[in-house]
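> Need coordinates for the below:
(chains A and B)
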Amino acid sequence: MRIGIVCPYSWDVPGGVQFHIRDLAEHLIRLGHDVSVLAPADDETPLPSYVVSAGRAVPVPYNGSVARLNFGLLSAARVRRWLADGDFEVLHIHEPAAPSLALLACWAARGPIVGTFHTSNPRSRAMIAAYPILQPALEKISARIAVSEYARRTLVEHLGGDAVVIPNGVDVGFFADAEPAPEWQGDTIGFIGRIDEPRKGLPVLMRALPAILEARPQTRLLVAGRGDEKEAVAPLPAAMRERVEFLGMVSDEDKARLLRSVDVYVAPNTGGESFGIILVEAMSAGAPVLASDLDAFVQVLDGGRAGEVFANEDAEALAAAAVRLLADPLRRKHLTERAGRHVRRFDWSTVGADILAVYETVTEGAGAVAADDRSRTFRLRG
Amino acid sequence: MTALAWIIWTTVALVLVGLYLSWTAGRLDRLHARIDAARAALDAQLLRRASVAQELATSGVFDPAASMLLYQSAHDARLAAEEQREVAESELTQALRAVFADAEQVEAVRAAPGGEESADELAAAVRRVPMARRFHNDAVRAARALRRHRTVRWLRLAGHAPFPLAFEMDDGPPEALVDRANGGGPGH
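Got it, this is the predicted structure:
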């Protein structure tokens, strides 16, 4: 099948959506499909053979953070050329409701279009204002995918309609087969994420750490991620700072080994999560998971059966749960077993088959993807 | 304002209104085409499901009571008149859930010669029916929303196309069958 995928965010900036698209494209190529990904990228960035650059994305403040987006006539022209060259049987666009390349592609194409909604942003003013413009573009999407039941709920509330839930994929085997690292084993707690991004929740974990160390002084906290290390340990008493080890940015292989090694993986995120891929990776590696009780996390953890949850932003609850888990190897083993069974539904073999089933459902009896001439004539004249 | 200016502005306004109307009619047209495609896809999935179910019912892997139940409901679903279709398909769903109530029955089907293939086909079909139905009903909702607009109603932009109806049925798949597809079953 000839498949065109549109990535809304810069290929050169690491992010969940980009990784998902990369893994999906590579999975589909391994199965023998013809895949082309259109993504914003600097012209100098080396790109994998299946990625086509849509030009440089412009950083603009949007919805409370800086987004790197593509818009304007040049990008629209590149989208059209890519559509014409690709002659795709199905077009898969990601994050179509954001003002991005995906929306441009949706506007410019007709034929079988699949859209995946990743984030569950609260309804923004821009979205309300743009609704009359957004709706005609979004109603071209023949099949909507939401990455979690939570993302689906917000989608239904904000835009109406319905979507099927297909979770993000993880290469379970990659994490399950990683070699544990001895220097990261023995009473260790793991944390992976941006240190200076408060929503990732490291400050909550830092507030909980004194109580954990009081109960179990031999505990070490291993932190992998970018950010200011000095600032991160500043709230801790000086004597406890040595119990925190910063590993900096780690490679995918080291991430897998870290998750294989730690006794407990803690995800203290305070919000803004619509899925929680890191939890699936931790579960794949057999790390017992302790996470804040965000809707998306509770769902990924099978309603709390495949991992433990604590009240969001409650450092005391986090400390109590962590101490309990660290002291109870049997409970940890039990969680690892549960999680090991649960993560199979997130493996690319399952997720990929579901996404292909969606492609086949929308292409059945439909023509190929083509440029939508109607929207062009309208725009040029109107 | 001169007469000429009047004429020019009126013409511009009329052209803009005309463009807007033709664009809206195009949108409606596209939505109706999307519903047609989605309905064709849903019909194909339903037919696939009924065919595999009927094939399994006559293959002798089930006890006579289960075979009869499955055969009858699959047969009814395939031949149902349009207005009976939702009920007949829901009954097939219920029959499938009853027949595949436990994982042992799925194992028995897989153990039979050629059963592995049929079980996979049926698992794919019961997984895709809800998908296709959701896509269809999503298209129906979008078309209905547009057709409720005043402009569309007053100017009859929808022409003679019938008001689109959602396809409502019970499409919950048998857990034991789909669990296997999710990799949760034994021996996977």
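> what ranges do the helices span in chain B?
Using DSSP state H, the helices found in chain B span residues B:3-57, B:64-79, B:85-99, B:103-111, B:115-147, B:150-154, B:175-181.
> Same list (these) but as CSV, adding distance to chain A, mean pLDDT and mean neighbour count.
Where you see a C-beta, it was placed from the backbone N, CA and C, and this is true even at glycine. Shown next, in CSV, are those (distance: least, Cβ to the nearest Cβ, whole Å; pLDDT from 0 to 100; neighbours: other Cβ atoms under 10 Å in any protein chain shown):
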stretch, distance to chain A, mean pLDDT, mean neighbour count
helix B:3-57, 4, 91, 17
helix B:64-79, 18, 91, 17
helix B:85-99, 16, 92, 20
helix B:103-111, 14, 85, 17
helix B:115-147, 4, 90, 21
helix B:150-154, 12, 80, 11
helix B:175-181, 7, 69, 20
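> Please report how far residue A:363 lies from residue A:255.
Distance, residue A:363 to residue A:255, by Cβ to Cβ, to the nearest Å: 36 Å.
> remind me which residues of chain A are low pLDDT?
A:61-72, A:120-128, A:365-367, A:373-382 (pLDDT under 70).
> Could you list the residues of it in contact with chain B?
Neighbours of chain B within chain A, by Cβ under 8 Å from any Cβ of the partner chain: A:110, A:112, A:135-136, A:139-140, A:142-144, A:160-164, A:341, A:344-345, A:347, A:349-350, A:353-354, A:357-358, A:360-362, A:364-366, A:374, A:378, A:381-382.
> Mark which of the residues you listed are part of helices, please.
Residues of the residues of chain A next to chain B located in helices (DSSP H): A:135-136, A:341, A:349-350, A:353-354, A:357-358, A:360-362, A:374, A:378, A:381.
> Write the PyMOL selection for whichever of these are buried.
Of these, the buried ones go into a single PyMOL selection, burial set by 16 or more other Cβ atoms under 10 Å in any protein chain shown:
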select buried, chain A and resi 136+350+353+354+357+358+360+361+362
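> And the ones in helices among the residues of chain A next to chain B, which two are furthest apart?
A:341 and A:381 (58.7 Å; Cβ to Cβ).
> give me phi/psi at residue A:188?
The phi/psi pair for residue A:188 (degrees, to the nearest 10) reads phi -110, psi 140.
> is it true that it touches residue A:220?
Yes. With contact defined as Cβ atoms under 8 Å, residue A:188 counts as touching residue A:220 (5.0 Å).
> higher neighbour count, these two?
Taking neighbours as other Cβ atoms under 10 Å in any protein chain shown, residue A:188 and residue A:220 compare with residue A:188 leading, 21 against 18.
> Might you report the residue contacts of the more buried one?
By Cβ atoms under 8 Å, 6 or more residues apart in numbering or on different chains, the contact set of residue A:188 is A:219, A:220, A:221, A:222, A:261, A:262, A:263, A:264.
> since we're on the fourth one, how many residues are nearby?
Summarising burial for residue A:222: neighbours were counted as other Cβ under 10 Å, giving 21.
> Check the secondary structure at it for me.
Of the three states, residue A:222 takes strand under DSSP: H, G, I helix; E, B strand; the rest coil.
> Quickly list what it is bridged to.
For residue A:222, the beta-bridge partners are residue A:190, residue A:245 (DSSP bridges).
> Distance-wise, check it relative to residue A:158.
39 Å.
> and if you look at the second one?
When Cβ to Cβ is the yardstick, residue A:220 and residue A:158 sit 43 Å from each other.
> give me the number of residues near whichever residue of chain A sits closest to chain B?
Of all residues in chain A, residue A:344 sits closest to chain B, at 3.5 Å by Cβ to the nearest Cβ. Per other Cβ under 10 Å, the neighbour tally for residue A:344 reads 16.
> repeat for residue A:48
11.
> Run through the strands of the stretch 251-382 of chain A in chain order.
Using DSSP state E, counting those that start in this stretch, the strands of the stretch 251-382 of chain A run over A:264-267, A:289-292, A:308-310, A:370-371.
> Same list, those strands, but as CSV with mean neighbour count please.
Converted to CSV, these look like this (neighbours: other Cβ atoms under 10 Å in any protein chain shown):
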stretch, mean neighbour count
strand A:264-267, 27
strand A:289-292, 26
strand A:308-310, 21
strand A:370-371, 16
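> Distance to residue B:117 for those strands - can I get that in TSV?
Formatted as TSV, those follow (distance: least, Cβ to Cβ, whole Å):
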stretch	distance to residue B:117
strand A:264-267	40
strand A:289-292	38
strand A:308-310	42
strand A:370-371	36
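> in its sheet, what does whichever strand or helix holds residue A:92 sit against?
Element membership for residue A:92 (DSSP states H and E) is strand A:90-94. Take DSSP bridges as the rule and strand A:90-94 pairs in its sheet with strand A:2-6 (parallel), strand A:113-117 (parallel).
> hmm, who's touching the first one?
Same thing as strand A:2-6. Contacts of strand A:2-6 (Cβ under 8 Å, 6+ apart): A:21, A:24-25, A:28, A:33-39, A:79, A:82-83, A:86-94, A:101-102, A:105, A:359, A:369.
> Having no further points to raise, I will conclude here.
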